[in-house]
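Chemist: Fold the following, please.
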Amino acid sequence: MKEVWAELGEKLTRFFLWSLAEHPGKLIGTSAGFFIGLLVVLLGFWKAFVLSLFTGLGFWLGKRQDDHKNLLDWLGRFFERH
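Modeler: Residues are numbered from 1 along each chain as shown. Modelled structure (predicted):
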């Protein structure tokens, strides 16, 4: 029985890596949709919405940091607007 689980794990790993290489957008989109749907079922719409909003904001801020864009400069420009 242990061999069956090991073989299944190998097949799933190969499929995941193939999907990530050949269809990254579909894999990421499907995974995100599944996760958000699960949050809506478990938490309710508004709590899941707020959690998704903050997750997206965190991703965006992290991406700015990874791209070596200064967050303080952006905040300064944002708050200087009249």
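
Chemist: Same question for the lowest-mean-pLDDT helix or strand in the chain: list its buried residues.
Modeler: Least confident helix or strand of the chain, by mean pLDDT, DSSP states H and E, is helix 71-80 with a mean of 76. Residues of helix 71-80 classed as buried: none (neighbour count, 16 or more other Cβ atoms under 10 Å). (Glycine included, C-beta is placed from N, CA and C.)

Chemist: can I see the domain layout of the protein?
Modeler: As assigned by automatic domain parsing, the chain contains the domains 1-43, 44-82.

Chemist: Those domains: lowest mean pLDDT?
Modeler: Of all the domains of the chain, the minimum mean pLDDT falls on domain 44-82 (a mean of 83).

Chemist: Tell me the buried residues in it?
Modeler: For domain 44-82, by 16+ other Cβ under 10 Å, it's residue 48.

Chemist: and that domain, how far out from the chain's middle?
Modeler: Mean C-alpha position of domain 44-82 versus that of the full chain (Cα atoms, centre = their mean, to the nearest Å) differs by 14 Å.

Chemist: three-state assignment of residue 69?
Modeler: coil (DSSP: H, G, I helix; E, B strand; the rest coil).

Chemist: ok, it - contacts?
Modeler: By Cβ atoms under 8 Å, 6 or more residues apart in numbering, no residues touch residue 69.

Chemist: do you know how far it is from residue 63?
Modeler: For residue 69, the distance to residue 63 (Cβ to Cβ, to the nearest Å) stands at 9 Å.

Chemist: Is there a neighbour count for residue 36? I'd like the number.
Modeler: By other Cβ atoms under 10 Å, the residues close to residue 36 number 15.

Chemist: no wait, residue 7
Modeler: Neighbours around residue 7, by other Cβ under 10 Å: 10.
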